[in-house]
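# What follows is a predicted structure for the sequence shown.
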Amino acid sequence: MTKRLPEVLEEMRQALLGRKPGHSWTTSASEAYSASLSGLKNFSGDTLGKTAQNFNEALPYIERAGYDVTEIEVGLGLDPKIVPHLNLREMISEEEKAALLEETRDKKLINTILSSLFRASAARSKLKFKRFHFSSIELELSILPTVVLKFSPNEETTTVKPEELLAHIENQADE
């Protein structure tokens, strides 16, 4: 029986942690490749449609979590995906987060989406970039779901006129 990609990756993780002596990396690589191809074959238009349906079911929970969906991309290729773009409207309390996670405990995809958004929000607050600020989140729903944090230039960096650039740089150095 062909293993699923999460199972293969978990075995590899266990081997890296030294918990699986005698692990064959060649076999793992082959199993990962087979599982990926199997996943791609199964992630057909029907599965993409189901993912869209699941996202539609998740939308009210995403909004209750304090996010607005600004647009949705659909990628059709070797790795098809649905990518909703989200803006953080408001930060909800830890109690509200816990309540949402408890409410969606039996709805695996919705619970995973919410958990990912909450972790991304926590990570976002720790990331500081000079001249950039957090602007939005992309939630890539595909074989391997991903949350992408987007950072945009601060206003002051985009409005400096070329003739004022040297003075602006000197002012930044003095601060």
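Great, that's in hand.

# who does the spatially most central residue of the chain bridge with?
Nearest to the mean C-alpha position of the chain, by C-alpha atoms, centre = their mean, lies residue 147 at 0.9 Å. Counting by DSSP bridges, residue 147 forms beta bridges with residue 139.

# same check, this time on the one 5 residues further on
With DSSP bridges applied, residue 152 shows beta-bridge pairing to residue 133.

# pretty sure it is touching residue 131, no?
No. Assessed by C-beta atoms under 8 Å, residue 152 is found out of contact with residue 131, at 9.9 Å. Every C-beta, even on glycine, is put in place using the N, C-alpha and C of the backbone.

# just to revisit the earlier point, tell me the spacing between the residue nearest to the centre of the chain and residue 122.
Separation of residue 147 from residue 122 (C-beta to C-beta, to the nearest Å) stands at 11 Å.

# now residue 86
Distance from residue 86 to residue 122, by C-beta to C-beta: 15 Å.

# More neighbours: these two, which one.
Using other C-beta atoms under 10 Å, the more surrounded residue of residue 86 and residue 122 is residue 86, with 22 against 9.

# need the contact list for the more buried one.
62, 67-70, 117, 136-139 (C-beta atoms under 8 Å, 6 or more residues apart in numbering).

# for residue 145, same thing?
112-113, 116, 139.

# Turn the residues you listed into a markdown table, including neighbour count, secondary structure and pLDDT.
Formatted as a markdown table, these follow (neighbours: other C-beta atoms under 10 Å; DSSP: H, G, I helix; E, B strand; the rest coil; pLDDT from 0 to 100):
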| residue | neighbour count | secondary structure | pLDDT |
| --- | --- | --- | --- |
| 112 | 14 | helix | 90 |
| 113 | 25 | helix | 91 |
| 116 | 15 | helix | 91 |
| 139 | 24 | strand | 92 |
